[in-house]
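K.L.:
no sequence for this one, just the structure:
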């Protein structure tokens, strides 16, 4: 799991030079992604998770500006963030691909969305649909391999908004 979180954050860093960018760590869990983002030099990170225990662990890391207790980003205003990271929620099957519409809605023009997803699950199809509709610009898609078998374990999708 930790390698997937780091990979997702490093993929974002490869497409987001502005270290003052406002970033949402959606499904932040224990705050592992926030810690990696902070180590990469990002300073304005908000986290959202539905589990109070996970939010307490994330708060203890000291990497977040704000933490929200919620499952859905539906209540947040449009174009609030320069980037959104979802390093674990889609990987574990905790989130439906339908939530992607709301995550994209949160991005400012030119924003970046970095996802870590498990193979299958329909998210790649949803991303392709959104790219075809012009809601997203697909920038990269890479696979992380699970040692020692070499089987695909995590797909990192980095997508940009026009």
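P.N.:
Happy to help now that I have it. From a predicted model like this one, the values you see are computed outputs, not experimental measurements.

K.L.:
Quick one: residues contacting residue 104.
P.N.:
113, 130, 135-136, 161 (C-beta atoms under 8 Å, 6 or more residues apart in numbering). The C-beta positions use only the backbone N, C-alpha and C, and glycine is treated the same way.

K.L.:
Not counting residues beside it along the chain, what's closest to residue 138?
P.N.:
Nearest residue to residue 138, sequence neighbours excluded (C-beta to C-beta, 6 or more residues apart in numbering): residue 131, at 4.8 Å.

K.L.:
any idea of the pLDDT on that neighbour?
P.N.:
Residue 131 carries a pLDDT value of 84.

K.L.:
can I assume it is in contact with residue 125?
P.N.:
No - in this structure, residue 131 is not within contact of residue 125 by C-beta atoms under 8 Å, at 10.7 Å.

K.L.:
Need the contact partners of the lengthiest helix in the chain.
P.N.:
In the chain, taking DSSP state H as the definition, the longest helix is helix 2-13. By C-beta under 8 Å, 6+ apart, the surrounding residues in contact with helix 2-13 are 23, 32-33, 36-37, 40, 42, 83, 85-88, 91, 112, 114-116, 140, 142, 144, 153-154, 156, 158.

K.L.:
Shouldn't residue 116 be within a helix?
P.N.:
No - secondary structure of residue 116 (DSSP: H, G, I helix; E, B strand; the rest coil): strand, not part of a helix.

K.L.:
Please name the nearest non-neighbouring residue to it.
P.N.:
Counting by C-beta to C-beta, 6+ apart, the residue nearest residue 116 is residue 8, at 4.0 Å.

K.L.:
Quick check: the closest residue to residue 126 other than its chain neighbours vs residue 24, distance?
P.N.:
Nearest residue to residue 126, sequence neighbours excluded (C-beta to C-beta, 6+ apart): residue 97, at 3.8 Å. Distance of residue 97 to residue 24, given as C-beta to C-beta, to the nearest Å: 18 Å.

K.L.:
quick one: low-confidence parts of the protein?
P.N.:
1-2, 90-95, 118-121, 143-155, 162 (pLDDT under 70).

K.L.:
can you give me the strands for it?
P.N.:
Here the chain has its strands, by DSSP state E, at 22-26, 44-49, 66-69, 81-86, 107-117, 137-146, 151-160.
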